[in-house]
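# For reference, the sequence and a predicted model appear below.
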Amino acid sequence: MARYTGPKTRIARKFKEAILGPDKWMERKPHSPGQHGPTKRRKKESEYAVQLQEKQKAKYTYGILERQFEKMFHTAASKKGITGEVLLQLCEARLDNTVFRLGVAPTRRAARQLVSHGHITVDGQVVNVASYSLRPGQVVAVREKSRSVESITNSLAVNSKRFDWLDWNPTSMSGKFINMPERAQIPENIREQLIVELYSK
């Protein structure tokens, strides 16, 4: 499936935050490139443009394609609870995102690659589908043969951040998906209500 493979800084500058991972160029020059970059004025955006931009931001953040994201929204709308919050929960429950949150990979892009290359198991079985949706109680682990992979060990060595809905066991290199996270626990700066308003038109 096609994914965005262009320059990360371009997207980071567009949304004014490094949504695709750490970006040294974004930190140095958060504005558009060129002579008039720092002073460039943006036209006043319409309500639709603001809503569309928020949807695009969510898609780029989680690495989800348009059709897949729309399908996910309709799934969220059919479930109990606040649609926007449920949508973000579904994004967080994706296997590639969980691998990233556990610290096994430094970015979601890298996590997707680990999953597609068969380095990750779910409840003991290899799963190579990045969009696989986890259920509470399932255990995500690094495949035994892959535990010495340099990119994985390096990522785990520098990543100490932990999340309340995930329980990481460093000895077995496995993490349990305890429950769906509440909105307050999700650190992403996404205004999900704008996405709901966009799809509700």
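Nice, thanks for sending it over.

# ok, and the closest non-adjacent residue to the residue sitting nearest the centre point of the chain?
Nearest to the mean C-alpha position of the chain, by Cα atoms, centre = their mean, lies residue 62 at 3.1 Å. Spatially, and ignoring its direct neighbours in sequence, residue 62 is nearest to residue 91 (4.6 Å; Cβ to Cβ, 6 or more residues apart in numbering). (Each C-beta comes from the backbone N, C-alpha and C, glycine too.)

# Tell me which residues touch the residue nearest to the centre of the chain, please.
Residues near residue 62 by Cβ atoms under 8 Å, 6 or more residues apart in numbering: 91, 94, 97, 108.

# ok, now residue 183?
Counting by Cβ under 8 Å, 6+ apart, residue 183 makes contact with 82, 85, 88, 192.

# With secondary structure added, can I get those in a markdown table?
A markdown table is the format used below for these (DSSP: H, G, I helix; E, B strand; the rest coil):
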| residue | secondary structure |
| --- | --- |
| 82 | coil |
| 85 | helix |
| 88 | helix |
| 192 | helix |
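
# And those, which of them are buried?
85, 88, 192 (16 or more other Cβ atoms under 10 Å).

# doesn't residue 190 make contact with the first one?
Think residue 85. No. Using Cβ atoms under 8 Å as the test, residue 85 is too far from residue 190 to be in contact (10.8 Å).

# Check which helix or strand residue 175 maps to.
strand 174-177 (DSSP states H and E).

# ok so, going back, test for you: state the pLDDT assigned to the residue nearest to the centre of the chain.
On pLDDT, residue 62 comes in at 93.

# Residue ranges of each domain in this structure, please.
The record's domain split for the chain, according to automatic domain parsing, is 8-90+191-199, 95-183.
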